[in-house]
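Visitor: What follows is a predicted structure for the sequence shown.
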Amino acid sequence: MLKEQLSVFEQHTTPFYAYDLGLLRQTLDLARAEASKYGYHVHYALKANANAPILAEVLERGFGADCVSGNEVRRALEAGFGPEQVVFAGVGKSDAEINFALQSNIFCFNCESVQELEVIQELAATQGKTAQVALRINPNVDAYTHKYITTGLEENKFGINVWELEGLVLRFAEWPNLRLIGLHFHIGSQITDLRAFENLCVRVNEIQRWFEDRGLVFPHLNVGGGLGVDYRAPEENPIADFAAYFKIFDLLLEKRPGQQVHFELGRALVAPSGNLISKVLYLKHGQKTNFVILDAGMTELMRPALYQAYHKIENLSSDLPEKTYDVVGPICESTDCFAKGYILPETKRGDLVAIRTAGAYGEVMVSEYNLRDKVKAIYLS
Ligand SMILES: Cc1ncc(COP(=O)(O)O)c(C=O)c1O
Ligand SMILES: N[C@@H](CCCC[NH3+])C(=O)O
């Protein structure tokens with residue numbers, strides 16, 4: 001119960017992120033236990049949260065690192081991940097980022113276009129290196145999630161389209177500095193309808209057979225991340241159903257002998273253990289609405305403004321009878337709104353409010369807009 005932490009929260013200047021390291025450890029332990037039943041490798045997606053104390057817990061459990069920028073690769077290496085644990089995805093890797101990853105001898109580049117393969121070949125040749133690459137293929141599988149966080153449909157910018165593969169395989173011989181070690185897929189984020197992963201397996205099997213028909217078998221399959229969390233009921237479901245998730249792949253993904261299967265989970269590992277704690281600055285009574293104006297806004301947690309995302313909100317200070325409010329931030333944008341028509345106990349200036357399930361894609365997406373101060377983080381063990 002977050003309310004039990006109220007006295008701790010009251011000692012800190014708001015707004016701040018509060019991370020529950022106990023819940024984080026439980027989540028990571030469970031994910032590791034379920035993945036290891038099948039010998040699966042999990043690479044934690046740093047883009048979800050790259051804070052040092054979080055990375056330390058991830059690293060301690062033997063997960064690898066999934067990075068999408070040169071700076072994420074650097075952060076992972078600085079945190080202690082070995083280069084052989086680092087994969088690097090991203091639709092627009094710059095030459096400088098590729099060079100840095102090559103110099104660092106990372107495990108694998110997840111390549112998203114033929115053009116990128118050409119550039120990595122050229123830069124690897126200049127460095128006298130061989131780059132290990134996986135082809136990120138756009139499988140055209142619906143993730144049944146918000147359209148802004150779907151990545152595996154043909155209309156999305158991510159990955160190599162299947163219709164490009166025929167031309168691509170003919171060109172492998174032109175790239176002596178690339179070692180093609182795997183296939184990579186990622187269909188989207190906050191996936192709660194697990195049938196999307198079933199469909200992904202069916203598609204990966206088809207694509208794998210297509211390559212086999214052309215004499216190509218890869219030692220690695222990377223099926224990405226995307227497992228969602230329960231934003232509406234964080235107390236009832238604090239940990240994602242890793243057992244059901246990994247079981248789908250065990251049942252449906254056709255693994256070749258000796259083939260290694262990789263996952264890139266971000267949100268499901270860290271979202272529930274982070275909460276944004278904010279203070280109520282003002283109560284404003286409009287014609288039709290009562291506004292709760294917080295000292296945190298879209299600059300500290302962008303997801304509601306960007307995706308109309310739902311985050312549960314709790315008033316930690318009040319037990320008064322309930323009222324209905326629009327909960328908003330201080331930023332000069334009308335989209336700076338965490339929730340409309342939200343029921344909270346009667347709220348007063350100075351109350352502390354928790355915006356729940358904000359451990360993933362919260363602090364990493366902070367903006368300085370309106371010259372806001374950088375939000376702080378505290379860690380509860
Ligand atoms: C390529 C890739 N891998 C992994 C992830 C992590 O996704 P999630 O946090 O939904 O598990 C993402 C983000 O959607 C991604 O784009
Ligand atoms: N940032 C997004 C998810 C994008 C995942 C990365 N491809 C979110 O908050 O839900």
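Guide: Perfect, I can see it now. Ligands and ions are numbered 1, 2, ... in the order given.

Visitor: Assess the claim that residue 358 and residue 18 are in contact.
Guide: No. Counting by CB atoms under 8 Å, residue 358 sits too far from residue 18 to count as a contact (9.3 Å). No exception for glycine: its C-beta is placed from N, CA and C like everyone else's.

Visitor: quick one: which of the two has more around it?
Guide: Between residue 358 and residue 18, counting by other CB atoms under 10 Å, residue 358 is the more crowded of the two (29 against 22).

Visitor: Quickly list what's touching both of residue 358 and residue 18.
Guide: 274, 275, 276 (CB atoms under 8 Å, 6 or more residues apart in numbering).

Visitor: nearest to ligand 2, of these?
Guide: Ligand 2 has its nearest neighbour among these in residue 274, at 12.0 Å by CB to the nearest ligand atom.

Visitor: ok, and the closest non-adjacent residue to the closest one?
Guide: Spatial nearest neighbour of residue 274, excluding adjacent residues (CB to CB, 6 or more residues apart in numbering): residue 359 at 2.4 Å.

Visitor: Intersect the shared contacts of residue 358 and residue 18 with the contacts of ligand 2.
Guide: Filtering those for proximity to ligand 2 by CB under 6 Å from any ligand atom leaves nothing.

Visitor: Quick check: phi and psi at the closest residue to residue 218 other than its chain neighbours.
Guide: Nearest residue to residue 218, sequence neighbours excluded (CB to CB, 6+ apart): residue 182, at 4.7 Å. Backbone torsions for residue 182, taken as degrees, to the nearest 10, come to phi -170, psi 180.

Visitor: so residue 182 sits right up against residue 219, yeah?
Guide: Yes. Between residue 182 and residue 219 there is a contact under CB under 8 Å: 6.7 Å.

Visitor: Farthest from the middle of this protein: give me that residue.
Guide: residue 287 (39.7 Å; CA atoms, centre = their mean).

Visitor: Which secondary structure state does it sit in?
Guide: Under DSSP: H, G, I helix; E, B strand; the rest coil, residue 287 falls in the coil class.

Visitor: tell me the pLDDT at it?
Guide: pLDDT for residue 287: 82.

Visitor: So what does it look like in phi/psi?
Guide: phi -60, psi -50.

Visitor: For the helix ranked longest in the chain, which outside residues touch it?
Guide: The residue-count maximum for a helix in the chain (DSSP state H) belongs to helix 195-213. Contacts with helix 195-213, where a contact means CB under 8 Å, 6+ apart, come from 137, 139-145, 152, 162, 165, 169, 183, 185, 187-188, 191, 217-218, 221, 223, 226, 245, 248-249, 252-254, 256.

Visitor: go on, stretch 72-83?
Guide: Contacts for stretch 72-83 (CB under 8 Å, 6+ apart): 46-47, 50, 52, 55-56, 59, 64-65, 67, 85-86, 88, 97, 100-101, 104-107.

Visitor: May I see the ChimeraX selection of the buried members of these?
Guide: Selection of buried members from the contacts of stretch 72-83 for ChimeraX, criterion 16 or more other CB atoms under 10 Å:
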select :46,47,50,55,59,64,65,67,85,86,88,97,100,101,106,107
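
Visitor: Could you give the number of residues near the residue in the stretch 251-381 of the chain that ligand 2 sits nearest to?
Guide: Across the stretch 251-381 of the chain, no residue is closer to ligand 2 than residue 361, which sits at 3.0 Å (CB to the nearest ligand atom). By the criterion of other CB under 10 Å, residue 361 has 25 neighbours.

Visitor: Can you report phi and psi for it?
Guide: Dihedral pair for residue 361: phi 60, psi 30, per degrees, to the nearest 10.
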